[in-house]
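K.L.:
coordinates only, no sequence provided:
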């Protein structure tokens, strides 16, 4: 069974550009999560999508946005890139949220390393 | 607010040594607690979890006990192997599918 796949593996952009990161969840998973792993910081929760809808959002500015497609894959878009956006962006997926319990069934991809020059 | 504090790494050990990675947390209410592991070149994987006070999570020889009185969830293993070399993340669940992670602790085990 294929795991969570992310593309590209590495992405180099310059300040002010836009970056698009992609994620394909595990087959059967309908929830997709995005996390930012900046150097020296823990993983910071960015976004949660479930059934095509944004369900929760972390403390990030609006230039971080995304969407989930009907096949449950997802894109993360970062506009007006800043140097501090350089980080590893991890995508995770899980089965549908059942309204209770902890999200311990998150499966993570290997990430996209975004470098902003 | 909700936060997780982990000991800074790297932690460098010889094979068969005893491992402790400290984790303390701040949270409102009674969160579930987790340890995730990230092997080189791979995504994070859930290692173990505990959902209430005094619960002990265990997996692959690793253990952690949810200590409400000290707000801690330290990770331990009696005898580490080279294959345990990885980055370990402590995390807490604060509801609505949101995990709060620590900064990660890199473990290096030498033969």
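P.N.:
Perfect, thanks for sending it. Predicted model, so just to flag it, every value in this text is computed and none were measured.

K.L.:
show me where pLDDT drops low in chain A?
P.N.:
Low-confidence segments of chain A (pLDDT under 70): A:1, A:96-104.

K.L.:
not counting sequence-adjacent ones, nearest residue to the residue most central in space within it?
P.N.:
The residue lying closest to the centre of chain A (C-alpha atoms, centre = their mean) is residue A:34, at 2.6 Å. Closest residue to residue A:34 apart from its sequence neighbours, by C-beta to C-beta, 6 or more residues apart in numbering or on different chains: residue A:46 at 4.1 Å. C-beta coordinates here come from the backbone N, C-alpha and C atoms, glycine included.

K.L.:
got it, and residue A:23?
P.N.:
Residue A:23 sits nearest to residue A:91 (C-beta to C-beta, 6+ apart), 3.5 Å away.

K.L.:
get me the contact residues on chain A for chain B.
P.N.:
Within reach of chain B by C-beta under 8 Å from any C-beta of the partner chain, chain A has these residues: A:3-4, A:31, A:33, A:35, A:40-45, A:48, A:50, A:55-56, A:58, A:90, A:92, A:94, A:97, A:102-111.

K.L.:
can you rerun that using 10 Å?
P.N.:
A:3-6, A:31, A:33, A:35, A:37-45, A:48, A:50, A:55-58, A:90-92, A:94, A:97, A:99-111 (C-beta under 10 Å from any C-beta of the partner chain).

K.L.:
what's the host helix or strand of the residue nearest to the centre of chain A packed up against?
P.N.:
Element membership of residue A:34, judged by DSSP states H and E, is strand A:31-37. Judged by 3 or more C-beta pairs under 10 Å, 6 or more residues apart in numbering or on different chains; DSSP states H and E, the packing partners of strand A:31-37 are strand A:19-24, strand A:43-50, strand A:53-57, strand A:64-68, strand A:74-78, strand A:87-94, strand A:107-108, strand B:99-101.
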